[in-house]
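Enquirer: fold the following for me, if possible:
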Amino acid sequence: MSVQVSHLVKRYGEQRAVDDVTFEARPGEVLGFLGPNGAGKTTTMKIITGFLPATSGEARVCGYDVVAQPMEARACIGYLPEHNPLYRDMYVREYLEFVGSIHRLPNRRARAEEMIERTGLESHCHKRIGELSKGYRQRVGLAQAMLHDPKVLILDEPTSGLDPNQIIEIRQLIKELGKEKTVILSTHILAEVEAICSRAIIIHHGKVVADGSIEALKRRMAGQNIITVEFAQPVEAHQLKALPYVQEVKSLGGNRWRLIAPASHDPRADISAFAAEHRLTLLELHKETLSVEEVFQQLTR
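Expert: Predicted coordinates:
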């Protein structure tokens with residue numbers, strides 16, 4: 001495992017910011033790390049990256065204990081914190097080469113040029129960082145996180161301040177990186193999790209309340225099957241209510257209906273049979289799923 005967190009606790013006086021958090025992140029995985037403000041996400045990330053000591057518990061990166069072997073662990077990590085710390089008086093290329101020298105990269109100039117290209121900074125690399133927009137400063141932060149080719153990337157709100165086109169580009173870059181590295185991604189944009197993460201952890205009041213693939217989390221929270229159906233011909237509500245296991249029928253206007261059945265039974269086969277028996281043309285028949293936003297709300301309410 002690239003990242004192993006075991007029974008992590010962080011106390012501030014009587015408050016437990018992180019309360020017995022345990023999880024693993026594997027190579028080739030983009031792990032979404034979600035939670036409301038103050039849930040403990042950033043604190044957990046800072047412990048993994050060695051910026052904060054844990055009160056108790058253990059965090060390992062690529063097999064290295066972040067407390068006992070901090071330099072070895074940090075060498076495996078690329079970190080983009082929520083508040084991106086940059087030397088604003090330095091030029092973009094100069095800054096990346098400087099970061100490369102800190103990592104003792106023998107090919108730091110070539111790596112800086114590669115990161116400038118991958119993060120779309122070609123037209124801004126001659127500028128001082130302080131002259132850049134927030135979105136381009138975010139790109140510089142992402143470039144420095146990837147510069148030394150780490151095995152683990154920890155990104156706290158990586159698309160903050162980007163415009164819609166930039167967000168799409170950075171999301172695609174993160175997806176590509178996730179094929180070869182372990183990526184832990186914290187974000188408040190839940191659609192982003194659905195778009196690029198293979199798995200998500202939801203943390204609330206310092207505790208892990210859910211851990212699994214996006215589809216598994218949706219299935220876990222879905223207590224019922226919600227079916228949308230539309231016929232070409234008129235149908236009465238009582239006819240649909242008479243179908244096996246259908247608990248509720250709601251008109252959506254015209255010949256379009258929403259049917260609710262228990263999670264244990266999918267009524268789509270019965271609806272198709274009903275349409276065939278009554279010589280009805282089906283224009284639409286699909287099962288709705290909970291969005292990530294709805295799952296998040298249910299778990300952190």
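Enquirer: tell me which strands the helix or strand hosting residue 153 pairs with, and in which orientation.
Expert: Here residue 153 sits within strand 152-156, counting by DSSP states H and E. Strand 152-156 pairs in its sheet with strand 77-80 (parallel), strand 182-186 (parallel), by DSSP bridges.
Enquirer: looking at the ones you listed, spot the one closest to residue 217.
Expert: For the strands paired with strand 152-156, distance to residue 217 was read as Cβ to Cβ. The smallest value, 15.5 Å, belongs to strand 182-186. Where you see a C-beta, it was placed from the backbone N, CA and C, and this is true even at glycine.
Enquirer: alpha carbons only: can I get the closest one in PDB?
Expert: Output of strand 182-186 as PDB, limited to C-alpha atoms (Å, rounded to 0.1, in the frame of the first residue of the first chain):
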ATOM      1  CA  THR A 182      -1.600   7.100  -5.500                       C
ATOM      2  CA  VAL A 183      -3.600  10.300  -5.500                       C
ATOM      3  CA  ILE A 184      -5.500  11.600  -2.400                       C
ATOM      4  CA  LEU A 185      -7.800  14.400  -3.300                       C
ATOM      5  CA  SER A 186      -9.700  16.700  -1.000                       C
END
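Enquirer: please list all residues in contact with the residue most central in space within the chain.
Expert: In the chain, the centroid-proximal residue (Cα atoms, centre = their mean) is residue 32; its distance is 2.9 Å. If you count contacts by Cβ atoms under 8 Å, 6 or more residues apart in numbering, residue 32 has them with 185, 186, 187, 192, 193, 197, 199, 200, 201, 214.
Enquirer: one more pass at 7 Å, please.
Expert: For residue 32, the contact set (Cβ atoms under 7 Å, 6 or more residues apart in numbering) comprises 185, 187, 193, 197, 199, 200.
Enquirer: widest-spaced pair of the residues you listed?
Expert: Greatest spatial distance in these: 187 and 199, 13.8 Å, computed using Cβ to Cβ.
Enquirer: circling back to that earlier point, point out the most buried one among the strands paired with strand 152-156.
Expert: A comparison of the strands paired with strand 152-156 by mean neighbour count, using mean count of other Cβ atoms under 10 Å, puts strand 182-186 on top with a mean of 26.
Enquirer: what's the mean pLDDT across that one?
Expert: For strand 182-186, the mean pLDDT works out to 92.
Enquirer: now stretch 8-27
Expert: On average, stretch 8-27 scores 92.
Enquirer: straight-line length of that stretch, end to end?
Expert: Stretch 8-27 has an end-to-end distance of 21 Å (Cα to Cα, to the nearest Å).
Enquirer: quick check: buried residues in that stretch?
Expert: Neighbour counts using 16 or more other Cβ atoms under 10 Å place 8, 9, 10, 16, 17, 18, 19, 21, 23, 25, 27 of stretch 8-27 among the buried residues.
Enquirer: any idea how far the fourth one lies from residue 24?
Expert: With the distance defined as Cβ to Cβ, to the nearest Å, residue 16 ends up 22 Å from residue 24.
Enquirer: then the third one?
Expert: Counting by Cβ to Cβ, the gap between residue 10 and residue 24 amounts to 19 Å.
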